[in-house]
Each structure stands twice: as C-alpha cells, then as structure tokens.
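**Student:** sequence and predicted structure, then a few things I'm wondering about:
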Amino acid sequence: MPRKLFVSSKFTEFDEYVTIGTGGIYFSAEFVKKNNLEDVTFAKFYTFDENPYKFGVEFERGDEKVEGTFAVIRSSRSNSSFYTTARAFMQEVIPLKNLLKTLKGKRSGAANRFELTFDKLEKCFVFTIIPTFEYSCDVLSIPENIYGIYRYLNSNNDVIYIGKGNIKERAKSSERRDWGIARVQYSVLEDKESRSKYESMHIRMYEASNGAKPTYNLISGKQDIE
C-alpha cells in the first residue's frame, strides 16, 4: 500500500519570514530575534518597479510617527514577534490585495508565508509574494506580447487550466478553441524561471485543495513548455 508523508501546514524551510494575513503582516520570532528588532516601533514598506511581487521593509525606533510608517503591534505576553496592520499598504497595492482575496477563509500556511532576507543593494529587508492572477479579462482583451502565468475559467467560473508563457498566444491557439474559455486571469512575469516556479506551485496548490488538477491539465498530462 503506498504511503504518503504528512507535512504540517505550519512547516517552513526558513526561520526568518513574514506572514501575510487578513489581520496584517506578521514577522516571525526568529526574524525579530536574529536582527535585534525587539524594540522597534514602526515599519515602512517599499515597492519595486521591476518586480511588482517584491517588497522591501525597514524598521524605526522612537515614538513619533511620520509619513509612510505603520505602527508595530506586539503581543502583551511577548516581544519575540510582532505585526503591523498596514491596511492602506495591503489594500492599495494590487498584488497584495489580490493575495488577501485568494487566502480568505484559508488557514495560514506556505501560501502566505514568505522568506525575509536583507538585500545589500536595496539596503533593506525584502520578501517576494506569490503572484495570484490579479488581472482578469476575456480572450480578446488580453494585451499583446505579455508573458506570465495564467488560468482559464469556464462559464461556471471553474478553473479549467493553469499554464505559463505568452498569455494571448496560448489562449488563442487552435487546440484550445473548444475549451470553453470564458475568462483569463493572469500575472505578468518576465523571468522564465519564475513562470515555471509559480505555474508548478499553483497547480500543486489547486490539486491539494481540490483533489485533482484542473480539467485540461489532467487531459494534456503536462505543463506548458516554453
């Protein structure tokens, strides 16, 4: 009888991480401890034009709140970890807003936990979130020459395929004409390696939640080849 290893949703391969949740942005105890952040009072976040899924964070000490900072909140029992609600940041940045919608009602796990590292070039801590198909349109409205990951929805709003590559070319290909694609949801990713990584990740996440891959991933038996 085949056996399957149980892996807890709380498992992570790194100790220093940020967790994105409906209540805010949470920083792990190990991250706080290793970087001597027990006494910080404010956090401020950065976006990067070259990668809409990458974010930077810095911390400040003191009592005076200035523009662009969000208050750090600690548990009354411990200073070993903290979080910030950062509501404006999470609601106004599209990839973060869409990530929250995707995670709504789901338990905390690998899908919303992201490694924090110090970037010497940017001179701040950085983390990169999972692209979550934040753009949506019909096949005819897909912009020209954009690459990324995408998923097809049918008229019942069911996900029928997850793939990667040139989004418009793939959707208009002759072999997909009869798939009943009512809507295409996508994320733009210029890096080929990132496309492969996140395509595979989303297929695994879908299979874990639904017990099987999307219909046409099952029928085709393979992922998109670029």
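**Tutor:** Everything's here; your move. These figures come from a predicted structure and were not determined experimentally.
**Student:** what about the spatially closest residue to residue 22 that is not a sequence neighbour, distance to residue 31?
**Tutor:** Distances taken as Cβ to Cβ, 6 or more residues apart in numbering place residue 100 nearest to residue 22, at 6.2 Å, with adjacent residues excluded. No exception for glycine: its C-beta is placed from N, CA and C like everyone else's. Distance of residue 100 to residue 31, given as Cβ to Cβ, to the nearest Å: 21 Å.
**Student:** neighbour-wise, which of the two wins?
**Tutor:** With neighbours defined as other Cβ atoms under 10 Å, residue 100 and residue 31 compare such that residue 31 has more, 21 against 16.
**Student:** list the contacts of the residue nearest to residue 22.
**Tutor:** 20, 22, 90 (Cβ atoms under 8 Å, 6 or more residues apart in numbering).
**Student:** what's the distance between the helix or strand harbouring it and the middle of its chain?
**Tutor:** Residue 100 belongs to helix 94-103 when assigned by DSSP states H and E. Distance of helix 94-103 from its chain centroid, counting by Cα atoms, centre = their mean, to the nearest Å, is 8 Å.
**Student:** what mean pLDDT does that helix get?
**Tutor:** In this model, helix 94-103 carries a mean pLDDT of 84.
**Student:** C-alpha coordinates for that helix, CSV please?
**Tutor:** Taking C-alpha atoms only, helix 94-103 is exported to CSV below (Å, rounded to 0.1, in the frame of the first residue of the first chain):
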residue,chain,number,x,y,z
ILE,A,94,-2.9,45.2,-6.2
PRO,A,95,-0.8,42.0,-5.8
LEU,A,96,-1.2,42.2,-2.0
LYS,A,97,-4.9,42.9,-2.2
ASN,A,98,-5.4,40.0,-4.5
LEU,A,99,-3.3,37.7,-2.4
LEU,A,100,-5.6,38.5,0.6
LYS,A,101,-8.7,37.7,-1.5
THR,A,102,-7.1,34.4,-2.6
LEU,A,103,-6.3,33.5,1.1
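**Student:** could you point out which element follows it?
**Tutor:** Counting by DSSP H and E, what follows helix 94-103 is strand 113-115.
**Student:** count of residues packed around residue 60?
**Tutor:** Counted with other Cβ under 10 Å, residue 60 comes out at 14.
**Student:** mind listing what's buried in the worst-scoring helix or strand of the chain on mean pLDDT?
**Tutor:** The weakest-scoring helix or strand in the chain, judged by mean pLDDT, DSSP states H and E, is helix 94-103 (a mean of 84). Burial within helix 94-103, assessed by neighbour count using 16 or more other Cβ atoms under 10 Å, is assigned to 95-96, 98-100, 102-103.
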